[in-house]
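In: Pasting the sequence and the predicted model now:
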Amino acid sequence: MILVTGASGCLGSHIVRGLLEQSETVAVLVLPNDPASTLQSLRERLVWREGDLLDSASLVHALEGVTQIYHAAGLALPYESERKRMFAVNVQGTVNLLCAARDAGVERILHVSSIAAVGYPTQEADESMIYNGDAFRLAYMHSKRDAEDQVRRFCESGMNIVIACPSAVIASNCDVLHGWGKVMLDLQNRRLPFIPPGGIAVIGAQDLVRGLLAVMARGKSGERYILNAHNVSYLELFTCMAAALAVDSPRWQPRTLGWIVALLRPLDVLLAKIPVRLSADVVALLGRQVHYRSDKAREHVGFAPAQSLEHMVHEAASWLTSR
């Protein structure tokens, strides 16, 4: 039996569907009192396990009969004020799960990390990039990197764990409060003031799930594999999103964001206490060409992304407008 953590979230729910399509027996780890609306139509086909990554005792029952784990649970928030909570869930929660999995004799684990744990380049990067976390005060980035470091310690002790680092996921069931769903709703409601001059790496749910299944099947324990489909500019991405949502793109396209970064930098101490989305480091990142290569995943596990940018964006937009 395969357990999926974070199963009710965007990525987790797509992993669950991908595994069911492969006729796997799937258990889902959900928080107590989580309505798990993304899974309700599948409930009769799933083994339901309630538990909390921060409650080690609850994981004992959750792992009964489990041979493999897709660890997709995590907290991804743009707020530095949530640093403590992100480290608790992303780092300590991962440690708790791996300890429980070791005790339960789980055979293999796929740890879903992030390109943030690789580092944020100014041009294209791959798995060999020297981590540049010192350049950014970004709690999510640092928590995902620390979680990977913990994973490698368990690998060194003999556990069979492989790491996947997805780029930004554009898909249905996306986070409408903090993630790409929020960005698209802001675009639809004309709350985005400008198009950033930088670029980003993106992937759709279908390509990502196929990539994760391939990494689980053929990836080498202790290795990380970047899963990315498209390197695009924010102009390309927002133009595509606006077309899918049938709205106009923001017209202001600043050539540099340095002056905004300079204005926000004195607020760093304040932003560590209140939930403000655009910190100086977030804005600085929007000015970079944050692009990645997936050559390793293509060559070693057969990763072959096929979704176009338009397809993944329209899938997310259709889901948003149907809610």
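Out: Received, thanks. Residues are numbered from 1 along each chain as shown.

In: Could you list the low-pLDDT ranges of the stretch 101-250 of the chain?
Out: Across the stretch 101-250 of the chain, nothing is flagged by pLDDT under 70.

In: Could I get the full set of strands for it?
Out: Assigned by DSSP state E, counting those that start in this stretch, the stretch 101-250 of the chain shows strands spanning 108-112, 124-125, 161-166, 168-170, 199-204, 224-227, 230-233.

In: Which of those strands sits closest to residue 294?
Out: strand 224-227 (5.2 Å; Cβ to Cβ). From N, CA and C alone the C-beta is placed, and that goes for glycine too.

In: which residues touch that closest one?
Out: Taking contacts as Cβ atoms under 8 Å, 6 or more residues apart in numbering, the residues outside strand 224-227 that touch it are 113, 115, 117-118, 126-127, 148, 162-167, 203, 207-208, 211-212, 215, 219, 292-294, 296-297, 300-301, 303, 305.

In: about what we covered before: so can I have a markdown table of the strands of the stretch 101-250 of the chain showing mean neighbour count and distance to residue 45?
Out: Below are these laid out as a markdown table (neighbours: other Cβ atoms under 10 Å; distance: least, Cβ to Cβ, whole Å):
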| stretch | mean neighbour count | distance to residue 45 |
| --- | --- | --- |
| strand 108-112 | 24 | 21 |
| strand 124-125 | 17 | 39 |
| strand 161-166 | 24 | 24 |
| strand 168-170 | 25 | 23 |
| strand 199-204 | 24 | 23 |
| strand 224-227 | 26 | 26 |
| strand 230-233 | 19 | 32 |
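
In: Do I have it right that residue 281 meets residue 134?
Out: No. Taking contacts as Cβ atoms under 8 Å, residue 281 lies outside contact range of residue 134: 11.4 Å.

In: which one of the two has more residues nearby?
Out: Using other Cβ atoms under 10 Å, the more surrounded residue of residue 281 and residue 134 is residue 281, with 20 against 7.

In: tell me the phi and psi of the more buried one?
Out: Per-residue torsions, residue 281: phi -70, psi -30 (degrees, to the nearest 10).

In: now swap in residue 253 and tell me
Out: Dihedral angles for residue 253 - degrees, to the nearest 10 - are phi -130, psi 80.

In: Quick one: list the elements packing against the host helix or strand of residue 3.
Out: Secondary-structure element containing residue 3, defined by DSSP states H and E: strand 2-5. Judged by 3 or more Cβ pairs under 8 Å, 6 or more residues apart in numbering; DSSP states H and E, strand 2-5 is in contact with helix 10-21, strand 26-30, strand 68-71.

In: quick one: strands adjacent to that strand?
Out: strand 26-30 (parallel), strand 68-71 (parallel) (DSSP bridges).

In: Would you pull up how far the last one lies from the middle of the chain?
Out: Using Cα atoms, centre = their mean, to the nearest Å, the mean C-alpha position of strand 68-71 is found 15 Å from that of the whole chain.

In: Among the strands paired with strand 2-5, which comes closest to residue 263?
Out: Using Cβ to Cβ, these put strand 68-71 closest to residue 263, at 38.9 Å.

In: For the strand holding residue 3, give me every contacting residue.
Out: 12, 15-16, 19, 24-29, 49, 53, 62-63, 66-73, 97.

In: mind listing what residue 255 touches?
Out: Contacts for residue 255 were tallied using Cβ under 8 Å, 6+ apart; they are residue 197.

In: cool, residue 186 as well?
Out: Each residue near residue 186 by Cβ under 8 Å, 6+ apart is listed here: residue 192.

In: Same check on the one 4 residues further on?
Out: The neighbourhood of residue 190, defined by Cβ under 8 Å, 6+ apart, consists of 247, 248.

In: how close does it get to residue 236?
Out: Residue 190 sits 20 Å away from residue 236, going by Cβ to Cβ, to the nearest Å.

In: now swap in residue 244 and tell me
Out: 13 Å.

In: Neighbour count: those two, which is higher?
Out: Higher neighbour count among residue 244 and residue 236: residue 244, with 21 against 16, using other Cβ under 10 Å.

In: Tell me, how many residues neighbour the closest residue to that one other than its chain neighbours?
Out: Among residues not flanking residue 244 along the chain, residue 317 sits closest, at 3.7 Å (Cβ to Cβ, 6 or more residues apart in numbering). By the measure other Cβ under 10 Å, the count of residues near residue 317 is 23.

In: Tell me who's in contact with the residue found closest to residue 142 once you drop the neighbours it is linked to in the chain.
Out: Nearest residue to residue 142, sequence neighbours excluded (Cβ to Cβ, 6+ apart): residue 133, at 5.5 Å. The contact partners of residue 133, by Cβ under 8 Å, 6+ apart, come to 119, 141, 142, 145.

In: hang on, isn't residue 169 packed against residue 200?
Out: No. With contact defined as Cβ under 8 Å, residue 169 does not count as touching residue 200 (11.5 Å).

In: quick revisit: would you turn the strands of the stretch 101-250 of the chain into CSV with distance to residue 40?
Out: CSV is the format used below for the strands of the stretch 101-250 of the chain (distance: least, Cβ to Cβ, whole Å):
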stretch, distance to residue 40
strand 108-112, 23
strand 124-125, 39
strand 161-166, 25
strand 168-170, 21
strand 199-204, 23
strand 224-227, 28
strand 230-233, 31
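
In: Many thanks, have a good one.
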